[in-house]
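Undergrad: Let me see the structure of the following:
(4 chains)
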Protein chains: 2
Amino acid sequence: MLRLSKLTDYATVLLGYMARAKLEIHAAVEIAHATGIALPTVSKLLKLLAHSGLVHSIRGAKGGYCLSHAPERISVADIVQAIEGPIALTECSISDDYCEQSAHCDIRGNWRVINKAMRTALESVSLADLAFKIKPSTALEFKVSVDSLTRG
Amino acid sequence: MLRLSKLTDYATVLLGYMARAKLEIHAAVEIAHATGIALPTVSKLLKLLAHSGLVHSIRGAKGGYCLSHAPERISVADIVQAIEGPIALTECSISDDYCEQSAHCDIRGNWRVINKAMRTALESVSLADLAFKIKPSTALEFKVSVDSLTRG
DNA sequence: TTAAATAGTACTAATATAGTACTCTAAATT
DNA sequence: AATTTAGAGTACTATATTAGTACTATTTAA
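TA: Residues are numbered from 1 along each chain as shown, chains lettered A, B, ... in the order given. Predicted coordinates for the structure are as follows:
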């Protein structure tokens, strides 16, 4: 079904809330109430997002989390990677060594290309695009030449 | 990690074999031997692919499977959909009703756009691209305007 | 009629995901 | 300094999904 995990989905919801709310600092409890996502889940997600540097955490009383960058600077790819790890459609996209089939498999190199294409697609959409309505005039364009892909 | 299932990966390998091998009809056993994928798995996959019309099945002795279309006409999106079902990154991309969060969720519509973008990326790569080396001169281009996306 | 091959279905096992609980550390307020 | 608020870290459990297997039925060639 090629789908994102629920956690990633939740992450976009809670980051979307943070992007829209004007106050800088948000406690996990507040975000949980506002979004309807269970508190332990919200905490877990915010920790992951803090690890990847997408949000900044402030400890102690009156602490909380704030976005590290403007919503326009945070891409969907960033969010997916923060929660799910590297975007890699197939095992062999990650490491060369792992696949026992490699003798039979002539397809490996070409998956890399597709992978890069997907990543490019996800990188081209920002948190701002998600959180605020995408205007119909906005054009998403992905133009990926194999030259650039095979170099990457 | 946004990855395809192993089964989808296997499916590309065995379709790749069929695309390269010149003989029209291939029994499941033959494909299993050639690709190193276990026979029961190969059978399962070929059944799924036959259901979606990507391969044509011939029953009985001397039977087997053959590609329904030229490798150039079969897209990676077709293969993914045959094995994993509809390409839908989030639950709400499939049905409107399901999501209990819908009151809180302003993000729904925009996921659709991303979804379509991903699908477009996968549609732009063919089985032929996978099975034979993509030539560096080949350019994969995705150009998706939101106008067309919101209509879809 | 027999052997070869796919169709269909149901089941089991393995893995990954989601969710929860608990302890530790840091900062602010009094 | 003590207390309270809030995040950090870790480990665990339950659930759901995925992968893999087995078995029976059906079709066709020789």
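
Undergrad: can we go C-alpha only for contacts and neighbour counts from here?
TA: Noted.

Undergrad: Can you tell me, leaving aside adjacent residues, what's nearest to residue A:80?
TA: Excluding its sequence neighbours, the residue lying closest to residue A:80 (CA to CA, 6 or more residues apart in numbering or on different chains) is residue A:8, at 6.1 Å.

Undergrad: phi, psi of the one you found?
TA: Dihedral pair for residue A:8: phi -60, psi -40, per degrees, to the nearest 10.

Undergrad: Tell me which residues touch it, please.
TA: A:79-80, A:83-84 (CA atoms under 8 Å, 6 or more residues apart in numbering or on different chains).

Undergrad: Quickly name whichever of those is closest to DNA strand D.
TA: Set against DNA strand D, the nearest of these by CA to the nearest atom of the strand is residue A:83 (13.2 Å).

Undergrad: Which elements pack onto whichever helix or strand that closest one is part of?
TA: Residue A:83 belongs to helix A:76-84 when assigned by DSSP states H and E. Under the contact criterion of 3 or more CA pairs under 8 Å, 6 or more residues apart in numbering or on different chains; DSSP states H and E, helix A:76-84 touches helix A:6-20, helix A:39-51, helix A:108-123.

Undergrad: got TSV for these, with distance to residue B:44 too?
TA: Listed next are the helices and strands packed on helix A:76-84 as TSV, based on distance: least, CA to CA, whole Å:
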stretch	distance to residue B:44
helix A:6-20	28
helix A:39-51	37
helix A:108-123	23
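
Undergrad: Can you add mean pLDDT and give these back as CSV?
TA: Formatted as CSV, the helices and strands packed on helix A:76-84 follow (pLDDT from 0 to 100):
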stretch, mean pLDDT
helix A:6-20, 94
helix A:39-51, 97
helix A:108-123, 79
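
Undergrad: Out of those helices, which gets nearest to DNA strand D?
TA: Closest among those, once you apply CA to the nearest atom of the strand, is helix A:39-51, at 4.3 Å.

Undergrad: Export that closest one to CSV, keeping only CA atoms.
TA: Output of helix A:39-51 as CSV, limited to C-alpha atoms (Å, rounded to 0.1, in the frame of the first residue of the first chain):
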residue,chain,number,x,y,z
LEU,A,39,-0.1,12.5,25.2
PRO,A,40,2.4,9.6,25.4
THR,A,41,2.4,9.5,21.6
VAL,A,42,2.8,13.2,21.3
SER,A,43,5.8,13.1,23.7
LYS,A,44,7.4,10.2,21.8
LEU,A,45,7.0,12.1,18.5
LEU,A,46,8.3,15.4,19.8
LYS,A,47,11.4,13.6,21.1
LEU,A,48,12.1,12.1,17.7
LEU,A,49,11.5,15.4,16.0
ALA,A,50,13.9,17.1,18.5
HIS,A,51,16.6,14.5,17.8
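
Undergrad: Which elements pack onto that helix?
TA: Judged by 3+ CA pairs under 8 Å, 6+ apart, helix A:39-51 is in contact with helix A:6-20, helix A:28-35, strand A:55-58, helix A:76-84.
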